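Trainee: Here is my input, please return the structure:
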Amino acid sequence: MPGKLITRCLVAAIVLSFAVTNLAQAQSVKSLAVHLPEDINTISVLRLKQMLHSEKGEREHWEATLEDHLRAGTSDLPPWLDTLVVGSLTHPAAPEEVWAAGLMGHPESIQLSQLAEHFQSNVETLAGRQVVKTNRNSYVIEMPDDVFGFYRPAHRQEVAEWIRDFDAAADVRFPGYLFDAADEPHDVVLAIYLQDMFDPALIRERLQSDERFARHQALVDQLTPLIASLQGARLLIDVDSQSHCQIRIDFGQDVGPSAAVIKTLFLAIVEDSGAMIDEFPSARISTSGNSVVLRCDLSDSSLRRIISLIVPPRAPMAPDALVSAATDQSEGTSDENVQPGNAPENSQDDAAMTAFRANRRYLQAVNRMIDDLNRASQRAADYQKTVTWHETFARKIEALSTVNVDPELVDFGTRTADRFRALASSLRGQGIRVNTQNQAITREVTSIDPGWVSANYWGGFGYAPPSVKMKSNLSEVREKQAAAVEKGRLDRSKIWDMIREDQAKMQKYMQPPRS
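Mentor: Numbers count the residues shown, from 1 in each chain. Predicted coordinates:
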């Protein structure tokens, strides 16, 4: 299982930063999924309404709390969404998807022209359909029967081809494994199709190069055909009184006594990718026929990290929610820092209060991500496992709404995102130089062996020409990377000092304006 691929497609799970108003008519998952492009090898389903109205969601007032995130510009999904279906194509050697296409039903009151205004774009016609090219390198398409489609990246020719195929799709054209997974009634379903993806000879070579298996030839002989028979994997999440996660890894033959070893390999892949979830190591193991099943509960912190991996094109709130979002009443319930006596009462101060609210929300969003990663940085033994979260949080900061936000705060967010990426580079073993006097960070470009920075089990090896004799130096690579990471410890500490100092200076924006 490829490191980055398995991370994106097994770990990436749910988005909670949204609210629900004017929920759209529920769309059948099958009726949406049938129109996805035939080349997908991953599929994900989010049943948003079902999750928000779970016991935990009702008890913790997710609807109200997450509406505040939406107004803050940190929401990635529209509040009227009932069900979202997304398919994508991902390659083992690529750290991210090649492309993704998604479908969601929408109320009649939501028009494509509203999305165009939201994305500061225009409605145009492509392949006979109205589309909007967003400022996030994606297209939103008006499909038949009150369905929005979205496609990323914004490759015009590929989007046009999908539009032409949309009406012609009467039967499922992609692997049945994915279609069956999508039809499972969980709050969140993510599945990846892996049949015939891995070369048995290369699987054997990788296992033999690992010190845990090198001296156990019988175990290598047992695991090689099992891993080569891999059919796919699914991540399933259900929310009732708490959040439950299930990871199912499906093979083409009986797993036998190998379940514990498969869990070890899975954890090694997630760890190598820098996307470890705290609950995964203690997950309970079971077997079911040809499948290994891992089960665990998820903390809110783990949910937030998983949230950060999904960034679909944003859509605006429903019109009546836009009005609601502007009311002082809804604001007052979500911010303990603004007391009635402190808020300006004169209407001439509305502009100042609007700016304050925008600044406060932006700063709170950035602070949450800083605090999450800062806690991880205090655990030296586990900090290297958080590379992915630094990169995804950097993207989340860059995607925050900056409407009415003070330029000084926007600069702070930009600097923080850049510093997160520098920390990620250092955690991979890449050199960085920190000049604390002028707050400058320089990333060093080093000529290294392919795969040295991303030293994981399966990443990219499947693309080597078959005539090439591959000799693994995985152990040496890991040693070099660990040494480089240790060498960069002091520079990472300096970067965190810069982030915290910057963060402290920005707290002035948390104070409401005085009348």
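
Trainee: so what pLDDT did I249 get?
Mentor: With respect to pLDDT, I249 scores 95.

Trainee: Quickly list what the closest residue to A101 other than its chain neighbours is bridged to.
Mentor: Ranked by Cβ to Cβ, 6 or more residues apart in numbering and with sequence neighbours excluded, the top spatial neighbour of A101 is Y151, at 4.9 Å. No exception for glycine: its C-beta is placed from N, CA and C like everyone else's. Taking DSSP bridges as the rule, Y151 bridges to A101, Y139.

Trainee: isn't Y151 right next to V98, touching?
Mentor: No. If you go by Cβ atoms under 8 Å, Y151 and V98 don't touch, sitting 11.8 Å apart.

Trainee: I'd assumed V189 was in a helix, is it?
Mentor: No. Applying DSSP: H, G, I helix; E, B strand; the rest coil, one finds V189 to be strand, outside a helix.

Trainee: Which helix or strand contains the residue nearest to it when sequence neighbours are not counted?
Mentor: The spatial neighbour of V189 that comes closest, neighbours along the chain excluded (Cβ to Cβ, 6+ apart), is V45 at 4.3 Å. Using DSSP states H and E, V45 maps to strand 42-47.

Trainee: What segments of the stretch 251-400 of the chain are strands?
Mentor: Listed in chain order, the strands of the stretch 251-400 of the chain (DSSP state E, counting those that start in this stretch) span 284-288, 291-298.

Trainee: The ones you listed into CSV, with extra columns for mean pLDDT?
Mentor: Converted to CSV, the strands of the stretch 251-400 of the chain look like this (pLDDT from 0 to 100):
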stretch, mean pLDDT
strand 284-288, 93
strand 291-298, 96
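
Trainee: Give me whichever of these is most buried.
Mentor: strand 291-298 (a mean of 19; mean count of other Cβ atoms under 10 Å).

Trainee: got any ranges where the chain has weak pLDDT?
Mentor: Regions of the chain meeting the criterion pLDDT under 70 cover residues 1-27, 66-79, 92-97, 169-170, 273-274, 307-349, 379-385, 431-482, 484-486, 515.

Trainee: would you turn the strands of the stretch 251-400 of the chain into CSV with distance to A116?
Mentor: Shown next, in CSV, are the strands of the stretch 251-400 of the chain (distance: least, Cβ to Cβ, whole Å):
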stretch, distance to A116
strand 284-288, 48
strand 291-298, 37
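
Trainee: Of all those, which one is nearest L223?
Mentor: Nearest of the strands of the stretch 251-400 of the chain to L223, taken as Cβ to Cβ: strand 291-298 at 12.1 Å.

Trainee: partners of the closest one in the sheet?
Mentor: Partners of strand 291-298, by DSSP bridges, with direction: strand 243-250 (antiparallel), strand 284-288 (antiparallel).

Trainee: So which bits of the first one are buried?
Mentor: Of the residues in strand 243-250, those buried under the neighbour-count criterion (16 or more other Cβ atoms under 10 Å) are 243-250.

Trainee: which helices and strands does whichever helix in the chain runs longest pack with?
Mentor: As assigned by DSSP state H, the longest helix anywhere in the chain is helix 350-377. For helix 350-377, the packing partners by 3 or more Cβ pairs under 8 Å, 6 or more residues apart in numbering; DSSP states H and E come out as helix 62-71, helix 300-307, helix 387-399, helix 407-427, helix 489-506.

Trainee: what's the angle from that helix to helix 300-307?
Mentor: 100 degrees (axes from the mean of the first three to the mean of the last three Cα atoms, to 10 degrees).

Trainee: quick one: buried residues of helix 350-377?
Mentor: Neighbour-count burial for helix 350-377 [16+ other Cβ under 10 Å]: 353, 356-367, 369-370, 372-373, 376-377.

Trainee: ok, R164 touching I141?
Mentor: No. Taking Cβ under 8 Å as the definition, R164 is not a contact partner of I141, at 11.6 Å.

Trainee: With neighbour numbers in mind, choose between these two.
Mentor: I141 (23 against 12; other Cβ atoms under 10 Å).

Trainee: element containing the more buried one, please.
Mentor: Per DSSP H and E: strand 139-143 holds I141.

Trainee: what's the nearest residue to P281 if we skip its chain neighbours?
Mentor: Closest to P281 by Cβ to Cβ, 6+ apart is L267, at 6.0 Å.

Trainee: How much space separates that neighbour from E501?
Mentor: 36 Å (Cβ to Cβ, to the nearest Å).

Trainee: So for the two, which residue has more residues nearby?
Mentor: Neighbours per residue, other Cβ under 10 Å: of L267 and E501, the larger number sits with L267, 17 against 11.

Trainee: give the contact list for the more buried one.
Mentor: By Cβ atoms under 8 Å, 6 or more residues apart in numbering, the residues touching L267 are 276, 280-281.
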